[in-house]
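Engineer: Here is a sequence with its predicted model. Questions after.
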Amino acid sequence: MGLNDSISKMLTLIRNASKARHEFVDVPCFNLGKAIAQILKEEGYILNFRISEDNKQGILRIYLRYIDREPVITHLERVSKPSRKIYVDKKNIPYVLKERGIAIISTSRGVVTDKQARQLGIGGEVICYVW
């Protein structure tokens, strides 16, 4: 994980907090992180998130979701990295775990899920896989 890879840091913090059964996790706030958290909330992987202001960049508090004391997020995988960007066109958008998981994709129309990208008919940079 590089020094400037905020997305990897965010995904690792969520993954570790989920495995440790924490109620919430605090990560440094950044625009792409807010968009990822919004998608995770809409898709039911987290309960909620809240942005707290501090004197720096702010803190994104993510409330994790569990079903029968088991974390809803069982796998978070960073796909595109600063050293190796992975782009897909509209014909090659990946299906994650036979559509039981999601791919989060950064497109020209914002950050969307793989399903939304297919509906919009656009490709982009594959940020991560979640299931």
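Structural biologist: Structure's in. What do you need?

Engineer: what number of residues lie near residue 117?
Structural biologist: If you count neighbours by other CB atoms under 10 Å, residue 117 ends up with 24. No exception for glycine: its C-beta is placed from N, CA and C like everyone else's.

Engineer: residues in contact with it?
Structural biologist: Neighbouring residues of residue 117 by CB atoms under 8 Å, 6 or more residues apart in numbering: 90, 93, 105, 107, 123, 124.

Engineer: which stretches of this protein have low pLDDT?
Structural biologist: 1-3 (pLDDT under 70).

Engineer: care to break it down by domain?
Structural biologist: What the record gives for the chain is the domain set 6-71, 76-130, from automatic domain parsing.

Engineer: start to end distance for the first one?
Structural biologist: Chord length of domain 6-71, first to last residue, is 23 Å (CA to CA, to the nearest Å).

Engineer: same question, the shortest one
Structural biologist: As for domain 76-130, its first-to-last residue distance stands at 5 Å under the measure CA to CA.

Engineer: Would you mind finding the longest helix in the protein?
Structural biologist: For the chain, the helix with the greatest residue count under DSSP state H is helix 6-19.

Engineer: in that one, what's buried?
Structural biologist: Buried positions in helix 6-19, judged by neighbour count with 16 or more other CB atoms under 10 Å: 6, 7, 8, 9, 10, 11, 13, 14, 15, 17, 18.

Engineer: which strands and helices sit next to whichever helix or strand comes after it?
Structural biologist: As assigned by DSSP states H and E, the chain's next helix or strand after helix 6-19 is strand 24-28. Helices and strands touching strand 24-28, by 3 or more CB pairs under 8 Å, 6 or more residues apart in numbering; DSSP states H and E, are helix 6-19, strand 59-64.
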